[in-house]
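K.L.:
Sharing a model prediction with you, sequence too.
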Amino acid sequence: MERFSFIFLVAGIGFFVLAFVVSAWIPMLPVKDLQIATVAELASRVPIEFIELREEYPEAFQKAFGDVSDEEALAEALRIGHRAYIAEACWHCHSQQVRHWGNDEARFGRVSYPEEYHHELGMPPLWGTRRVGPDLAREGGLQSNDWHVAHFWRPTDVVPDSVMPEYPWFFEPDGVTPNRTGLSIIAYIQWLGSWNHQVEVNIENLPAIDAMYESPVQHPPAPARPQPTAEEDYDDYGGENY
């Protein structure tokens with residue numbers, strides 16, 4: 001009996017090692033030399049929206065990030081904003097993955113590709129599992145900073161049917177000035193997809209969106225049914241017996 005127990009133990013360990021090799025080690029081989037961009041490298045290209053944040057809220061910006069370069073301030077803001085995005089469960093209602101089905105490309109731009117996630121802020125991936133709100137992979141630059149400030153303070157002010165909660169803790173006591181976390185999460189969202197060509201999500205862009213799809217088949221209208229005369233209508237209902 002002890003002999004069989006030993007065999008089963010060895011077999012169990014062997015299958016565990018085999019599963020690790022097949023499921024973990026081998027899939028890692030193709031990407032083991034992949035370069036992962038650091039946050040500092042990501043912040044070397046400062047979006048115009050971040051510079052506008054500094055100009056629009058100079059005192060709050062100074063209080064949040066101090067006397068540093070725009071690149072250093074953006075790196076700090078991206079780290080804080082990324083953590084806040086995860087902590088507030090924004091990923092639960094907003095995906096960061098443009099997919100291959102539906103009208104994703106028309107709404108959000110190019111289908112997501114692997115290189116977009118080869119950086120520190122892509123770990124863990126925030127692809128999301130559903131969309132209560134729109135996908136945010138291409139959100140950078142689509143809205144102004146002021147729009148995002150209003151959206152975080154009271155979402156229904158800018159999206160009347162929004163179910164997004166309010167985030168008053170992203171603001172200074174005056175209720176109109178974003179604090180360090182508020183500035184950071186706005187900077188993070190305005191950075192998302194800033195390296196990609198943007199597709200405007202508004203009604204003015206409908207011709208461009210329509211051009212991406214085949215025109216619907218136009219069927220001839222059905223012939224109009226002749227209207228019954230007064231006598232026919234009278235007869236249909238049984239004449240005088242009606």
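P.N.:
It's in. Numbers count the residues shown, from 1 in each chain.
K.L.:
With just CA atoms, put stretch 170-182 into CSV.
P.N.:
Coordinates of the C-alpha atoms in stretch 170-182 are reproduced here as CSV (Å, rounded to 0.1, in the frame of the first residue of the first chain):
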residue,chain,number,x,y,z
PHE,A,170,-11.8,64.1,-6.0
PHE,A,171,-12.3,67.8,-5.2
GLU,A,172,-11.1,70.5,-2.8
PRO,A,173,-13.7,71.7,-0.3
ASP,A,174,-14.9,74.4,-2.8
GLY,A,175,-16.4,71.6,-4.9
VAL,A,176,-15.1,73.0,-8.2
THR,A,177,-11.4,72.5,-8.0
PRO,A,178,-10.0,68.9,-8.5
ASN,A,179,-7.5,67.9,-5.8
ARG,A,180,-4.4,65.7,-6.3
THR,A,181,-6.4,62.5,-6.9
GLY,A,182,-8.9,64.4,-9.2
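K.L.:
list the buried ones in it?
P.N.:
170-171, 177-182 (16 or more other C-beta atoms under 10 Å). (C-beta placed from N, C-alpha, C; glycine too.)
K.L.:
Stretch 127-138 too?
P.N.:
128, 133-138.
K.L.:
Without its sequence neighbours, what residue ends up closest to L74?
P.N.:
A43 (4.1 Å; C-beta to C-beta, 6 or more residues apart in numbering).
K.L.:
got a list of what that neighbour touches?
P.N.:
Contacts for A43 (C-beta atoms under 8 Å, 6 or more residues apart in numbering) come out as 71-72, 74-75, 78.
K.L.:
ditto for V98
P.N.:
104-105, 108-112, 135, 137-138.
K.L.:
pLDDT score assigned to it?
P.N.:
Listed pLDDT for V98 reads 91.
K.L.:
Is it in a helix, a strand, or coil?
P.N.:
For V98, the secondary structure call by DSSP: H, G, I helix; E, B strand; the rest coil comes out as coil.
K.L.:
rewinding a little: tell me the one of the buried residues of stretch 127-138 nearest R154?
P.N.:
G133 (15.2 Å; C-beta to C-beta).
K.L.:
where does the closest one fall, helix, sheet strand or coil?
P.N.:
coil.
K.L.:
Who are the contact partners of it?
P.N.:
Contacts of G133 by C-beta under 8 Å, 6+ apart are 93-94, 162, 164.
K.L.:
try 7 Å
P.N.:
By C-beta atoms under 7 Å, 6 or more residues apart in numbering, the contact set of G133 is 93-94, 164.
K.L.:
Include distance to F6 and pLDDT when you put the buried residues of stretch 170-182 into TSV, please.
P.N.:
Compiled in TSV, those are given as follows (distance: C-beta to C-beta, whole Å; pLDDT from 0 to 100):
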residue	distance to F6	pLDDT
F170	61	98
F171	65	98
T177	70	97
P178	65	98
N179	63	98
R180	60	98
T181	57	98
G182	62	98
